[in-house]
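Novice: how would this look folded up:
(chains A and B)
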Protein chains: 2
Amino acid sequence: MIKVVLIGGGEVAWNLAQVFLEKPEIELVQVYNRSLNAISFFQNKTSITSNLNALEKNADIYIVAISDNAISEFSQKLNLDNKLVVHTSGGMDMNELNSNSRKGVFYLLQSFSKNKSVNLSKVPICIEAQNKKDLNLLRKLANSISENCYEIDSLQRKKLHVAAVFVNNFVNHMYYIGKEICDENEIPFQILEPLILETVNKLKELSPFEAQTGPARRHDSKTIATHLELLNENQQNIYTLLSNSIAKTYGEKL
Amino acid sequence: MIKVVLIGGGEVAWNLAQVFLEKPEIELVQVYNRSLNAISFFQNKTSITSNLNALEKNADIYIVAISDNAISEFSQKLNLDNKLVVHTSGGMDMNELNSNSRKGVFYLLQSFSKNKSVNLSKVPICIEAQNKKDLNLLRKLANSISENCYEIDSLQRKKLHVAAVFVNNFVNHMYYIGKEICDENEIPFQILEPLILETVNKLKELSPFEAQTGPARRHDSKTIATHLELLNENQQNIYTLLSNSIAKTYGEKL
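Specialist: Reported below is the predicted structural model:
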């Protein structure tokens, strides 16, 4: 049985609390948040508190699932000498934790949106710790909720976090612009759905380098010029920069 | 029975020929290509030719599936007065067809890569014609191979084609950069797969506007600055432009 205290009231904390409560091998002994409101959902399921002095002292792992910029200052206030305290941030160094505790990271490589719960069983969990024993404990915790656990150090994790911005945040913004163009022209956005799915499905058989198609890949400057005429200024800037980047990838300038 | 002549030896022609041969309600009477080599696969299945003068004269629909820039010049050479001739281009006006034939468009909204065959049954087919009778014939042909048929005029189709560049070509380039960052740091690209799938799956429940997450959406300039330090110049330019575009979408400059 792994005893866990969860700190935070955001999407990551909420998803973790839910799954910890389901697993017999994990005991969620407490959820802390500065406001009880955000965690009142858990009040009949475990101990909840907004008082740091009332933090349970006998847990195996303390998971600090709060916003990146708050980790350093908050962790100073924890009085958990020699306990294992981990944060859940993709972009922050393990040493952002600022205390006399043993340190680690428990990063879920997934994007959590409000009003959309995520099945964690496939979510990659990236773990890091200062020693093997703690790493093994984090691996045990990770394996109990997900099939995919990776040992990733702080620098790799930061790079991975940036890569995630490209394949998630920026991809979603491409969908946004695609929908924007459809909406302006009374075209149902759903018409693009099979293409969107095929773009992802291709990755199972081809690398992104192999899978690339389109006017920039073909160095088809006539089509590119026609496309630019149909776009607004912001869309044009993005279209031009990405087309140039694609063309460069395949060895020629446009 | 709809009699079809297919013109072209590229991916679109190849995928269409394959599916036409399977359908009892379609008779693929001939495949034309300027070189027989690219269409020799079909020689025991239908008539093939590289001689325009030997083109079958009695088909119901002639599908010109050749590269955009060749459509105008090639269609001039067709001697098919009063026959229905359609092209398959997303970016070209119907009137790019340059002949005394009846004109139309039969555009498959999908990205075709070499070495990756596509199931056409979900692929949206966008049709356009000069009169209702031809439009009905194209709809019948479309319905026999796909569940998704849309009537889309030339201007809408051009806009749709640009939208497709964003959600397909540019999305794939985001995957490429994500993999580039992983490769440089000895991180397996597959670790990003669940995130990539979740980004797409979200579209079933949320609009791209609602689904957006990440530092640019949060106006988190500290994380953005950290990310920029980890990227090369080309990646930095893309990261900055897209982050600014996301920030503007949510009403603030970064």
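Novice: excluding chain neighbours, what is closest to the most far-flung residue of chain A relative to its centre?
Specialist: Using Cα atoms, centre = their mean, the residue of chain A lying farthest from its centre is residue A:222. It sits 39.2 Å away. What sits nearest to residue A:222 in space, not counting adjacent residues and going by Cβ to Cβ, 6 or more residues apart in numbering or on different chains, is residue B:69, at 6.3 Å. Just so you know, the C-beta spots here come from the backbone N, C-alpha and C atoms, and that holds for glycine as well.
Novice: show me where pLDDT drops low in the stretch 151-254 of chain A?
Specialist: Low-confidence segments of the stretch 151-254 of chain A (pLDDT under 70): A:252-254.
Novice: nearest residue to the middle of chain A?
Specialist: In chain A, the C-alpha nearest the mean C-alpha coordinate belongs to residue A:110, at 3.5 Å (Cα atoms, centre = their mean).
Novice: I'd guessed that residue sits against residue A:118; true?
Specialist: Yes - taking Cβ atoms under 8 Å as the definition, residue A:110 is a contact partner of residue A:118 at 5.8 Å.
Novice: now the common contact residues for the two.
Specialist: Counting by Cβ atoms under 8 Å, 6 or more residues apart in numbering or on different chains, the shared contacts of residue A:110 and residue A:118 are residue B:198.
Novice: chain center to the one helix or strand residue A:197 maps to: distance?
Specialist: Assigning secondary structure by DSSP states H and E places residue A:197 in helix A:193-201. Counting by Cα atoms, centre = their mean, to the nearest Å, helix A:193-201 is centred 22 Å from the centre of its parent chain.
Novice: buried stuff in it?
Specialist: A:193, A:194, A:195, A:196, A:198, A:199, A:200, A:201 (16 or more other Cβ atoms under 10 Å in any protein chain shown).
Novice: neighbours of residue A:79, how many?
Specialist: When neighbours are defined as other Cβ atoms under 10 Å in any protein chain shown, residue A:79 has 13 of them.
Novice: what segments of the stretch 51-200 of chain A are strands?
Specialist: Here the stretch 51-200 of chain A has its strands, by DSSP state E, counting those that start in this stretch, at A:61-64, A:84-87, A:102-108, A:125-129, A:149-151.
Novice: next, format those as a markdown table and append distance to chain B and mean neighbour count.
Specialist: Output for the strands of the stretch 51-200 of chain A, formatted as a markdown table (distance: least, Cβ to the nearest Cβ, whole Å; neighbours: other Cβ atoms under 10 Å in any protein chain shown):
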| stretch | distance to chain B | mean neighbour count |
| --- | --- | --- |
| strand A:61-64 | 17 | 26 |
| strand A:84-87 | 14 | 25 |
| strand A:102-108 | 10 | 23 |
| strand A:125-129 | 8 | 23 |
| strand A:149-151 | 6 | 17 |
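Novice: need those in a markdown table (columns: distance to residue A:13).
Specialist: Formatted as a markdown table, those follow (distance: least, Cβ to Cβ, whole Å):
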| stretch | distance to residue A:13 |
| --- | --- |
| strand A:61-64 | 8 |
| strand A:84-87 | 12 |
| strand A:102-108 | 11 |
| strand A:125-129 | 15 |
| strand A:149-151 | 19 |
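Novice: how about the helices of chain A, start to end?
Specialist: Along chain A, counting by DSSP state H, helices occupy A:11-22, A:71-77, A:132-145, A:154-164, A:171-184, A:193-201, A:208-211, A:221-229, A:233-249.
Novice: for those, which one sits closest to residue B:94?
Specialist: Residue B:94 lies closest to helix A:221-229 among these, at 15.0 Å (Cβ to Cβ).
Novice: counting by contacts, list what the closest one packs against.
Specialist: On a contact count with 3 or more Cβ pairs under 8 Å, 6 or more residues apart in numbering or on different chains; DSSP states H and E, helix A:221-229 meets helix A:233-249, helix B:154-164.
Novice: so residue A:6 makes contact with residue A:20?
Specialist: Yes - with contact defined as Cβ under 8 Å, residue A:6 counts as touching residue A:20 (7.1 Å).
Novice: give me the common contacts of those two.
Specialist: residue A:28.
Novice: neighbour count: these two, which is higher?
Specialist: residue A:6 (28 against 23).
Novice: need the contact list for the spatially closest residue to the residue nearest to the centre of chain A that is not a sequence neighbour.
Specialist: The shortest distance from residue A:110 to any non-neighbouring residue, by Cβ to Cβ, 6+ apart, is to residue A:123 (4.5 Å). For residue A:123, the contact set (Cβ under 8 Å, 6+ apart) comprises A:108, A:109, A:110, A:146, A:148, B:194.
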